[in-house]
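Colleague: Any chance you can model this:
(chains A and B, ligands or ions: 1)
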Amino acid sequence: MKRTGAQIIWEVLVREGVDVVFGYPGGAIMPAYDTILGYPIRHVLVRHEQGASHMADGYARASGKVGVCVATSGPGATNLVTGIATAMLDSSPIVCITGQVSSKLLGTDAFQETDITGVTLPITKHNYLVTDVQDIAPTLREAFYIARSGRPGPVLVDITKDAQQASIDFEPPKGEVRLPGYRPSQHAVQTDIEKAIDLIDEAERPLILAGQGIVRAEATRELLSFVEKTGIPVASTLLGLGGFPATHPLSLGMMGMHGEAWVNNAIQEADLLIALGMRFDDRVTGNLKTYAVKAKKIHVEIDRSEINKNVKVDVGLIGDVRDTLLSLIPGCKQRNRGPWVERINLLKGDSAVRDIQQLPYNDKLYAAHVMHDLWRLTDGKALVVTDVGQHQMWEAQYYKHDHPRKLVTSGGLGTMGFALPAAIGARFAKPEDEIWVVVGDGGFQMTACELSTCAQEGLKVHVAVINNGYLGMVRQWQEFFYNRRYSATPMRSPDFVKLAEAHGLTGIRVTKREEIAGAVERARATPGTVVVDFRVEQEDSVYPMVPAGADLNDMIRRPSPIVETGEDP
Amino acid sequence: MDRPILRTFIAYVEDRPGVLNRVASLFRRRAYNIESLSVGRTHIAGISRLTLVLEADEDGARRLEANLYKLVNTLWVRDVTHTASVARDLALIKVKADATSRAQVLQLCEVFRARTVDVAPEALTIEITGTGDKIEGLLEVLRPFGIIEMVRTGMIVMTRGAEEAEARFDSIPVRTAENGAS
Ligand SMILES: Cc1ncc(C[n+]2csc(CCOP(=O)(O)OP(=O)(O)O)c2C)c(N)n1
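Modeller: I've put the predicted structure just below:
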């Protein structure tokens, strides 16, 4: 079978199970765009390549499969960068295919030439420059294999135009991909497993710290059995939410900078931390010197270089989380950790009175109300894609995620502009799910151009803009740490209802709590993408907050008790 | 307490464009200052071997090893800091030497078992191999004559004994269009 390089790209992708790619054409990738018409792959034309890499990422996070984006050389490729870095820090498997100038022109500063493999070296798991048509198929196969195995991540394949144009006799590659230096799967050492079991059995005040590894390794069932057997409460990282059912009695909620106070306090009181597929990010630990000093630590991680990186551990179990849990469960004693759970519930009680939901009705719309009501109205079943800022934290606090892959959010890089395009990617991964984008007025404007993509593709996503007229999270830092000097955070926005309408979509405005339910119902009943502009309280802050670098239990709490004073927070 | 000390790593990597860049970038990103990095072919086609010297504490060293392994093109890594090994650096030193001082310089070279590789009316070029210390020693005694230029290869290190590092990884199979990378 004679095939051009441009055809081989899609031949391989079809065999990898790819049925949708997100991209933007241009000179150096035109041969590939010409041939895609002959293959059963849907191409989604984005409005900016950053959208393409976020869409591939959102697709990957929602589905567990590899997401794919395509761009031309030079500016097309560099526009992918933010999305690639986002995928890298959150271990999301994506493959980026970029066109490159012809091999004869490489290194001459030719029109639209960028050394994109050089540019993306530190933000990809691996990358390739392909100049020979013979190498296209094997390289793409390797790329998919590397992206999805071990600790997943982004892989970029840059293919020169002449390699796309050349043709060869093509036989589809068969057999397994074998890379001599790449060993993605490892198993924890048996003696370490036994050490861990001893620590678990002895602990009186143990806590599980559940990270995204649970979701990536598809280990939610195993985590549940482990918890039911050992009676150990579970705290989650932001990306771990949904890895353990939020409504389970032993689920504590989110830890860290904006984690619940009882969770952070429990971590500081624990005598054992069992960290599962999380990496002790500084947003999670606060000051490392005072972090969980009373606790022994067990760290289960697929990436060996994460062990002892931030926190010194007593036992490091390198390997897949699911595998490791399966080795731990049979050895651990059945236990009920009553007194410890009671202690935590006591800590919980203290927080409940400070909850903004306790605030007497005062005619104002709080973002927390929106999240809480959205959770109720969607039965906790929606797939929520958030952007970055205050609304992201409120979502994490008030929308209770019981299922994995139902929260898609940029944790590691904290990328504003992520939500709308990532939701478009998720739309293709989960055609049946109800999808809500939760985004700030700032972040929305970074990639709002993708509304046009929603319109062109006829996609249904609901966009909840949490519109507070500020770059809220930065304003909050200015309020707390910069003497309320609101430098460059008040933000004027266009009329989001009209913006939706300008795209031929529907816009709804909500200014009161009573209107939330009606708006959600209307959004659901309306075909196509709907933008709901929630005009929320402008100077509300996310509580509690661990100031950057402070001790984990040194939290700024909501001025209390709001129930008694009835004052604004 | 764990102090940073000079550590030596040996790594076998696939001989592909950009691999050295990946290794160097890994250390740069993690804010390590590389003391010495030398790379060259091995007796196996397609495989290069590098010796890397830098300062790190115990944990840092373990993580660097793990990070090196994370590079897809890395075949085998070992921290040989505490392993009995042979270490060599090679230096070419161009030193001022005219008719009056030449004999003296040559005599010093002999003591250090260094070789003269070029003679000019005003200068000698000397080749010396050995540990870093030995080269520093020669430099010290030559300095008064006036060093014009010096170049060093950086450390290369091999562990002692009959152990075969290469036995620990598969050799690189030939890539063909049909079998992909297998
Ligand atoms: C691309 C990018 N630029 C800057 C920031 C820094 N930043 C973090 S949160 C935030 C404010 C977000 O404001 P908005 O989108 O309105 O959401 P809110 O916090 O008000 O919910 C900013 C500017 C970022 N995270 N990402």
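Colleague: can you give me the helices for chain B?
Modeller: B:19-29, B:58-70, B:102-111, B:132-142 (DSSP state H).
Colleague: Residue 59: what's it in contact with?
Modeller: Using chain A. Contact analysis of residue A:59 by C-beta atoms under 8 Å, 6 or more residues apart in numbering or on different chains lists A:20, A:22, A:65, A:67, A:425-426, A:428-429. For every residue, glycine as well, the C-beta is placed using N, CA and C.
Colleague: that's the other chain; I wanted chain B
Modeller: Residue B:59 neighbours (C-beta under 8 Å, 6+ apart): A:308, A:312, B:2.
Colleague: In TSV, list the residues you listed along with distance to residue A:109.
Modeller: What follows is these, written out as TSV (distance: C-beta to C-beta, whole Å):
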residue	distance to residue A:109
A:308	44
A:312	48
B:2	47
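Colleague: Pull up the per-residue confidence for residue B:77.
Modeller: For residue B:77, the model assigns a pLDDT of 92.
Colleague: what's it in contact with, if anything?
Modeller: Contacts of residue B:77 (C-beta under 8 Å, 6+ apart): B:9-12, B:65, B:68-69.
Colleague: quick one: it from the ligand, how far?
Modeller: From residue B:77 across to the ligand, the span is 35 Å (C-beta to the nearest ligand atom, to the nearest Å).
Colleague: coming back round to it: I only care about the contacts of residue B:59 that end up buried; give me the PyMOL line for that.
Modeller: To isolate in PyMOL the members of those that are buried, counting by 16 or more other C-beta atoms under 10 Å in any protein chain shown, one can use:
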select buried, chain A and resi 308
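Colleague: In JSON lines: the helices of chain B, plus mean pLDDT and distance to residue A:283.
Modeller: Formatted as JSON lines, the helices of chain B follow (pLDDT from 0 to 100; distance: least, C-beta to C-beta, whole Å):
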{"stretch": "helix B:19-29", "mean pLDDT": "91", "distance to residue A:283": "20"}
{"stretch": "helix B:58-70", "mean pLDDT": "90", "distance to residue A:283": "20"}
{"stretch": "helix B:102-111", "mean pLDDT": "95", "distance to residue A:283": "60"}
{"stretch": "helix B:132-142", "mean pLDDT": "94", "distance to residue A:283": "43"}
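Colleague: thinking again about what came up before, and of the contacts of residue B:59, the nearest to the ligand?
Modeller: residue A:308 (28.6 Å; C-beta to the nearest ligand atom).
Colleague: so that closest one touches residue A:316, yeah?
Modeller: Yes. Between residue A:308 and residue A:316 there is a contact at 6.8 Å, judged by C-beta atoms under 8 Å.
Colleague: what touches both of these two?
Modeller: Contact criterion C-beta under 8 Å, 6+ apart; residues bridging residue A:308 and residue A:316 by contacting each: residue A:299.
Colleague: that older thread, wait, which of the contacts of residue B:77 is closest to chain A?
Modeller: Nearest to chain A among the contacts of residue B:77 is residue B:69, at 7.1 Å by C-beta to the nearest C-beta.
Colleague: so who does that closest one touch?
Modeller: A:183, A:304-305, B:77.
Colleague: May I see these organised as JSON lines, with secondary structure added?
Modeller: Output for those, formatted as JSON lines (DSSP: H, G, I helix; E, B strand; the rest coil):
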{"residue": "A:183", "secondary structure": "coil"}
{"residue": "A:304", "secondary structure": "helix"}
{"residue": "A:305", "secondary structure": "helix"}
{"residue": "B:77", "secondary structure": "strand"}
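Colleague: could those go into a markdown table alongside distance to residue A:511?
Modeller: What follows is these, written out as a markdown table (distance: C-beta to C-beta, whole Å):
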| residue | distance to residue A:511 |
| --- | --- |
| A:183 | 57 |
| A:304 | 52 |
| A:305 | 49 |
| B:77 | 60 |
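Colleague: So of those residues, which two are at opposite extremes in space?
Modeller: Based on C-beta to C-beta, the longest span within those runs between A:183 and A:305 and measures 13.5 Å.
Colleague: In the sheet, which residues pair with residue 94? Tell me.
Modeller: Assuming you mean chain A. Beta-bridge pairing of residue A:94 under DSSP bridges involves residue A:67.
Colleague: Please refer instead to chain B.
Modeller: Bridge pairing for residue B:94 - DSSP bridges - gives residue B:125, residue B:149.
Colleague: so it touches residue B:146, yeah?
Modeller: No. At 9.8 Å, residue B:94 does not count as touching residue B:146 under the criterion of C-beta under 8 Å.
Colleague: Show me which of those two is the more surrounded one.
Modeller: residue B:94 (19 against 13; other C-beta atoms under 10 Å in any protein chain shown).
Colleague: hmm, back to that, which one of the contacts of residue B:59 is nearest to residue A:497?
Modeller: Out of the contacts of residue B:59, the member with the shortest distance to residue A:497 (by C-beta to C-beta) is residue A:308, at 52.0 Å.
Colleague: Now do the phi/psi pair for that closest one.
Modeller: When read as degrees, to the nearest 10, the backbone of residue A:308 gives phi 70, psi 20.
Colleague: need the contact list for it.
Modeller: So, once contact is read as C-beta under 8 Å, 6+ apart, residue A:308 ends up touching A:299, A:316, B:59, B:62-63.
Colleague: that older thread, name the nearest of the contacts of residue B:69 relative to residue A:213.
Modeller: Of those, the one sitting nearest to residue A:213 (C-beta to C-beta) turns out to be residue A:304, at 13.3 Å.
Colleague: Just the buried residues of stretch A:469-483, please?
Modeller: For stretch A:469-483, the neighbour count (16+ other C-beta under 10 Å) marks A:469-479 as buried.
Colleague: Next up, the contacts around the residue nearest to the spatial centre of chain A.
Modeller: For chain A, the residue nearest the mean C-alpha position is residue A:409 (3.4 Å; C-alpha atoms, centre = their mean). Residues in contact with residue A:409 (C-beta under 8 Å, 6+ apart) are A:238-239, A:385-386, A:388, A:392, A:395-396, A:418-419.
Colleague: Where does pLDDT dip in the chain?
Modeller: All of this refers to chain A. Counting by pLDDT under 70, the ranges of chain A that qualify are A:560-569.
Colleague: please go with chain B instead
Modeller: Checking chain B against pLDDT under 70 turns up B:1, B:164-182.
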